[in-house]
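Novice: With the input below, show me the fold.
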Amino acid sequence: MIVRIWHGRTKTTDAETYRQFVIETGIKEYTSNRRKSWCADLAAEDGDATHIWTVSWWKDIESIRALRRR
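Specialist: From the prediction side, this is the model:
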């Protein structure tokens, strides 16, 4: 099992728009890969910035490579 973490940061005022972009692009792509186990998105405000993370669990390295070949 492999756990991948992706982190992004944006202005808090843009956080919801950015989070939706991440969901519609990255997470949508992650969840379309049948070899993937599970994916979560997380956000935390830090003053004027908001941090966005995605956490995804993968069966093996070939599962990740298959996503990159798309």
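Novice: can you pull out the strands in the chain?
Specialist: Using DSSP state E, the strands of the chain run over 2-11, 36-46, 49-58.
Novice: so which of the ones you listed is the most packed in?
Specialist: strand 49-58 (a mean of 18; mean count of other C-beta atoms under 10 Å). Quick note: C-beta positions are derived from backbone N, CA and C, even for glycine.
Novice: Tell me the helices and strands packed up against that strand.
Specialist: Here strand 49-58 touches strand 2-11, helix 15-22, strand 36-46, going by 3 or more C-beta pairs under 8 Å, 6 or more residues apart in numbering; DSSP states H and E.
Novice: can I get the ones you listed in TSV with distance to residue 57?
Specialist: Converted to TSV, the helices and strands packed on strand 49-58 look like this (distance: least, C-beta to C-beta, whole Å):
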stretch	distance to residue 57
strand 2-11	6
helix 15-22	17
strand 36-46	4
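Novice: Of those, which is nearest residue 68?
Specialist: strand 2-11 (11.5 Å; C-beta to C-beta).
Novice: any low-confidence regions in the chain?
Specialist: In the predicted model, the chain carries pLDDT under 70 at residues 33-40, 70.
Novice: Please name the residues that touch the residue most central in space within it.
Specialist: For the chain, residue 54 is the residue whose C-alpha lies nearest the centre (C-alpha atoms, centre = their mean; 3.1 Å). The contact partners of residue 54, taken as C-beta atoms under 8 Å, 6 or more residues apart in numbering, are 5-6, 22, 26-27, 30, 39-42.
Novice: rerun at 6 Å
Specialist: 6, 26, 41 (C-beta atoms under 6 Å, 6 or more residues apart in numbering).
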